[in-house]
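> sequence and predicted model, in that order:
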Amino acid sequence: MTYNPPYYLELIESGGYTKEKDLLAFLIDGEYRLPDWMDRLAERTAQKKGIRIRHVDPKKMDASST
C-alpha cells in the first residue's frame with residue numbers, strides 16, 4: 001500500500017471525488033510464514049490460471065524482468 005499525506009484527502013475531494021471504500025494494510029514481521037496449506041493453494045491456483053509466482057529480490061529490482 002502506498003502512503004499519502006493527510007492533505008491528499010482535501011485535494012482529491014476538491015476535484016469532486018468521494019470515498020468508495022476503506023482499504024487496510026498491515027505490517028508483518030519478516031519472520032512470519034504463511035501456513036503450508038496457503039502455499040499449496042496458491043500453487044494450485046497459479047497452475048490452473050497460468051499464473052507465474054516469483055519471489056522478489058530487492059537487490060535486483062532495477063534488472064529487467066523476464
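Yes, it's here.

> packing partners of the lowest-mean-pLDDT helix or strand in the chain?
Lowest on mean pLDDT, DSSP states H and E among the helices and strands of the chain sits helix 36-49, with a mean of 91. On a contact count with 3 or more Cβ pairs under 8 Å, 6 or more residues apart in numbering; DSSP states H and E, helix 36-49 meets no helix or strand. (C-beta placed from N, C-alpha, C; glycine too.)

> what does it rub up against?
51-53 (Cβ atoms under 8 Å, 6 or more residues apart in numbering).

> now those in TSV, with distance to residue 61?
As requested, those are exported to TSV (distance: Cβ to Cβ, whole Å):
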residue	distance to residue 61
51	21
52	18
53	17
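
> including neighbour count, secondary structure and pLDDT, could those residues go into a markdown table?
Below are the contacts of helix 36-49 laid out as a markdown table (neighbours: other Cβ atoms under 10 Å; DSSP: H, G, I helix; E, B strand; the rest coil; pLDDT from 0 to 100):
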| residue | neighbour count | secondary structure | pLDDT |
| --- | --- | --- | --- |
| 51 | 10 | coil | 88 |
| 52 | 6 | coil | 83 |
| 53 | 10 | coil | 77 |
